[in-house]
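Visitor: Okay, predicted coordinates and the sequence, questions at the end:
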Amino acid sequence: MPDATGLELIAQELGDAVLDTVFFRGRGTLNVEPTRIAAVLEHLRERGYSFMASLHGVDHYPEEPRLGVVYELLDMQRVDRITVKLRLHSAAPEIDSVTNAWPTADHQEREVYDMFGVVFGGHPDLRRILMPEDYEGHPQRRDFPVGGEPVIFTFNEGQSRGMPQ
Amino acid sequence: MEIKREPVNLRVRDLNSRQLLRGSEVLGPNPSSHLEGSDFERHVEESVLTTTLDKAVAWARSNSFFPATFGLACCAIEMMSIVAARVDVARFGFEAFRASPRQADLLILSGRVSIKMAPIVRRIYDQMLEPKWAISMGACCSSMGVFNNYALVPADKFMPIDVHVPGCPPRPEALMHGVLKLRKMVQEDPDMGWRERYDARGTEEVLPGA
Amino acid sequence: MSPTEQPTLSEYRRREQSITLSPLQEQLEEQETSEELLTLNFGPHHPATHGVLRLLVTLQGEVVREIKPIIGYVHTGIEKTAEDKSYWKVIPVVERMDYLSYYFNAYAYCGAVETLLEVEVPKRAQYLRVIHMELNRIMSHLVWLGTSALDLGAISMFWYCFREREKILDLFEMSSGQRMHTRYFQVGGVIEDIPGGFAEKLSGFLDEMPSRVDQYGALLNSNEIVLQRLRGTCPLDAETLLSLGVTGPLLRAAGNPWDLRKADPYCSYEDFDFKIPVGTVGDNYDRYACRLAEMYESVKIVKQALEGLPEGPHITENRKVALPPRHELATSMEALIHHFKLVTEGFRVPPGEVYFPIESPRGELGCFVRSDGSSKPARVHMRDPSFVNLQSFSHMAKGAYIADPIATLAMLDPILGGIDR
């Protein structure tokens, strides 16, 4: 992990793309401007962080901007990890896809789209990946209900159970 | 409860059935070697295996289930364990797991059924030919299991299930017990004589003839 | 059928000899060789897809031009369910994700929560965790070997591998009471110390395991069919694999020795002496050989961990995180209060976000936990290795005959529970 000073140096190089830096439990995080994400990732790739370990979403409901996308980068030569985070408003959850430069982002961006509703512009094939294609709603958002079926015991046996057998 | 038995009739057992059936010309004029009336009936009952066609067919069906390979999630690994050597399902004749639903008659639904998978399970079940049975293995398909949420469907909601095997995942021995229970259900003896042993008539969970 | 040569042939023979394929050949040459592509649907119910994976295979003749995997058929909403439960109740939920490597799922999550809580895990608990994790690695590779050999047609391997797997499951049952999804790892350590007799049974198992792996090698390594199906089929170089985010035995088979246990040791892995098997070409045979060799190395690690098992507590002494031992409940009031708080509400975790990566049998398994200060996590995301590794499948299978992607899928070792979560 870059230590706190290394993190600040990287943030200085990136300039105004970085909104904030956080150094928490030994790991460095950059909070960046959503429109500049591709450039930030390219710069970090030149600095050595050439492996994208993970791309996932977070929902910060109820605070706006609500939808977060987290990019975990890894430098295999120096065994260093750095996290890049950005936040999007739920009213306008669009961002550029990084799949062209980082092919590993393909399925992972589809999953973020499916679960949170973040639209990745320029993605080769943005469809739902885990839910059925015609599903409505984005399940991982915090205001989506957990759902579930009532478990049928003897006392509520008479309730409708879907298909007649 | 006492089971009444008639005392053993040695005379009946001594006589060769061929002699009986051939009739008096072969035996000669000695009348003591003939069996009359109820003795004759008892001899036939004891020496000839009589059955109805239904029972014979049920016996054959129950001893040769062809399970369909339908492993969905973690329970599938324990289903593979019953095919393995420790709890050997081949002892009972069920080791022929068929990949094609047309050739299978038992669907062991092992694992969690998501909403994307449910119509496919139903389609596979419909493709199976009658008579067919389904075992819902594990907690996730029987009820909702560990995950009571938007993504899963209990199997009862879209297909008829004969035996539910609880567990998460059920031990191979538990699944074996479930399969054997289904076997006994097919042979129309669902409780395997336990109701008599434990004096529990009236607590049946399976309606006979259903 | 007269043996003598007849100068004049019968009508039948003359007609037989006059048949030629020339009109048909002319017909074929007249046609253009068209690029007729056939799209085939593979699964989700298929014996060779290792779970409910659906593949759309585009074939030109028998050559694969494109493979598109469609997943989601066992999506369980694990991450959503985890947000609804207190921190220690999430452990059984998250264990069922990648259902062959349950200890790894549990450890990734527990490690993330321990990082957030800044809780120290005692040395004995770390060694016990390593023992169970490496046994799980061996067990996962055994199931992989059994089912892959089944796909290739070497059906008897299945029984041999499952024979060893039953022994490992007996050990798990001894330590935790359950064969699979044991809920043994808790935040702060392990739930219970190993019982008496565990060490003897484990060392008995470890003594015979290397010879068993030799047997598997003897059965498959020089088998003509296995060699023809695995050698040289569907290779992929390390560069492409890295850009696709692939880690684990797939990457090591291509020549890159990246293993988190050595590169960034966690949980006392730095105390143990073991090697990382690395392949050269990156074809299916290298992937198979890497995993087989990893079984030997895991046996070594467990042996060292068992011999060096230190004395001490099996879970952290911090009563705000771990349940107090039951004998204390009779005498100490604070223990009773801690027990009550932990069981009803659970411990509270200070707000923050952390990503905790470990090396699972399939690659880098990472757990991202976001906490908002309450007793339930606000987001649990598991970065599953199979999910990312599956993206490389179409790159591997392009241009191969249809039988090779089947072998490649077997060597890829996808676990659909982890892919779909």
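Guide: That came through fine.
Visitor: make it CA atoms for all contacts and neighbour counts henceforth
Guide: Will do.
Visitor: What separation do you get for the residue in chain A that chain B sits nearest to and B:Ala96?
Guide: Here the residue of chain A nearest chain B is A:Gly148; by Cα to the nearest Cα that distance is 3.9 Å. Separation of A:Gly148 from B:Ala96 (Cα to Cα, to the nearest Å): 36 Å.
Visitor: Confirm for me that the residue of chain A closest to chain B is in contact with B:Asn148.
Guide: Yes: contact criterion Cα atoms under 8 Å: A:Gly148 and B:Asn148 qualify, at 4.7 Å.
Visitor: Next, work out how far apart B:Pro160 and chain A are.
Guide: Per Cα to the nearest Cα, to the nearest Å, B:Pro160 is found 6 Å from chain A.
Visitor: And what about that residue, helix, strand or coil?
Guide: coil (DSSP: H, G, I helix; E, B strand; the rest coil).
Visitor: Just to check, it is in contact with B:Ala134?
Guide: Yes: B:Pro160 lies in contact with B:Ala134 (Cα under 8 Å); the separation is 7.3 Å.
Visitor: can you give me the strands in chain B?
Guide: Ranges of strands within chain B are B:67-68, B:106-110, B:133-137, B:163-165, based on DSSP state E.
Visitor: Those: which one's closest to A:Arg25?
Guide: strand B:106-110 (41.3 Å; Cα to Cα).
Visitor: Give me the contacts around the closest one.
Guide: B:65-76, B:79, B:125, B:132-138, B:141 (Cα atoms under 8 Å, 6 or more residues apart in numbering or on different chains).
Visitor: same deal with stretch B:140-160?
Guide: A:145-149, A:151-152, A:161-163, A:165, B:109-115, B:118, B:122, B:125, B:134, B:136, B:138-139, B:161, B:164-166, B:168, C:75-78, C:81, C:93.
Visitor: one more time with 7 Å
Guide: By Cα atoms under 7 Å, 6 or more residues apart in numbering or on different chains, the residues outside stretch B:140-160 that reach it are A:146-149, A:151, A:161-163, A:165, B:111-115, B:122, B:136, B:139, B:164, C:75-77, C:81, C:93.
Visitor: Stretch A:35-50 now?
Guide: Here stretch A:35-50 makes contact (Cα under 7 Å, 6+ apart) with A:Leu14, A:Ala17, A:Leu73, A:Leu74, A:Asp75, A:Ile95, A:Val98.
Visitor: Output those as TSV; include the columns secondary structure.
Guide: As requested, the contacts of stretch A:35-50 are exported to TSV (three-state DSSP):
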residue	secondary structure
A:Leu14	helix
A:Ala17	helix
A:Leu73	strand
A:Leu74	strand
A:Asp75	strand
A:Ile95	strand
A:Val98	coil
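Visitor: Now tabulate those residues in CSV and tack on neighbour count, distance to C:Leu116 and pLDDT.
Guide: Below are the contacts of stretch A:35-50 laid out as CSV (neighbours: other Cα atoms under 10 Å in any protein chain shown; distance: Cα to Cα, whole Å; pLDDT from 0 to 100):
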residue, neighbour count, distance to C:Leu116, pLDDT
A:Leu14, 15, 28, 78
A:Ala17, 19, 28, 82
A:Leu73, 22, 20, 92
A:Leu74, 22, 20, 91
A:Asp75, 19, 23, 90
A:Ile95, 19, 30, 90
A:Val98, 21, 30, 90
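Visitor: which pair in those residues spans the largest distance?
Guide: A:Asp75 and A:Ile95 (24.7 Å).
Visitor: Which of the contacts of stretch B:140-160 fall in helices?
Guide: B:Arg122, B:Ala139, C:Thr81, C:Val93 (DSSP state H).
Visitor: Most neighbours among those, which one?
Guide: Within these, most neighbours by other Cα atoms under 10 Å in any protein chain shown means B:Ala139, with 23 neighbours.
Visitor: Relative to B:Val113, how far out is that one?
Guide: Distance, B:Ala139 to B:Val113, using Cα to Cα: 11 Å.
Visitor: need the residues of chain A near chain C, please.
Guide: A:25, A:51-54, A:58, A:79, A:102-104, A:129-131, A:140, A:146 (Cα under 7 Å from any Cα of the partner chain).
Visitor: typo on my end, chain B
Guide: B:71-74, B:84-85, B:99, B:112-114, B:116-117, B:146-147, B:149, B:151-152.
Visitor: Return the members of the residues you listed classed as buried.
Guide: B:71-74, B:84-85, B:99, B:112-114, B:116-117, B:147, B:149, B:151-152 (16 or more other Cα atoms under 10 Å in any protein chain shown).
Visitor: Can you classify A:Leu86 by secondary structure?
Guide: strand.
Visitor: list the contacts for it?
Guide: A:Leu86 touches A:Asn31, A:Val32, A:Glu33, A:Pro34, A:Gly68, A:Val69, A:Val70, counting by Cα under 7 Å, 6+ apart.
Visitor: Equivalent analysis for C:Phe104, please.
Guide: C:Phe104 touches C:Met133, C:Ser360, counting by Cα under 7 Å, 6+ apart.
Visitor: Repeat that for B:Ala139.
Guide: Going by Cα under 7 Å, 6+ apart, B:Ala139 touches B:Gly145, B:Pro166, B:Gly167, B:Cys168.
Visitor: if we go to 10 Å?
Guide: Counting by Cα atoms under 10 Å, 6 or more residues apart in numbering or on different chains, B:Ala139 makes contact with B:75, B:110-112, B:145-147, B:154, B:164-170.
Visitor: got it, and A:Val84?
Guide: Listed by Cα under 10 Å, 6+ apart, the contact partners of A:Val84 are A:18, A:21, A:28-32, A:37, A:40-41, A:44, A:55, A:69-73.
Visitor: before we move on, back to that, nearest to chain A among the ones in helices among the contacts of stretch B:140-160?
Guide: Ranked by distance to chain A (Cα to the nearest Cα), these are led by C:Thr81 at 7.0 Å.
Visitor: any idea how far that closest one is from chain B?
Guide: Counting by Cα to the nearest Cα, the gap from C:Thr81 to chain B is 7 Å.
Visitor: Between A:Gly148 and B:Asn148, tell me which one has more neighbours.
Guide: Neighbours were counted for A:Gly148 and for B:Asn148 using other Cα under 10 Å; B:Asn148 has more, 22 against 15.
Visitor: Of all pairs in the ones in helices among the contacts of stretch B:140-160, which one is the farthest apart?
Guide: Largest separation among the ones in helices among the contacts of stretch B:140-160 by Cα to Cα: B:Arg122 and C:Val93, giving 26.7 Å.
Visitor: The lowest-mean-pLDDT helix or strand in chain A packs against which elements?
Guide: Least confident helix or strand, chain A: helix A:4-14 with a mean of 80, by mean pLDDT, DSSP states H and E. Under the contact criterion of 3 or more Cα pairs under 10 Å, 6 or more residues apart in numbering or on different chains; DSSP states H and E, helix A:4-14 touches strand A:18-24, strand A:27-32, helix A:37-46.
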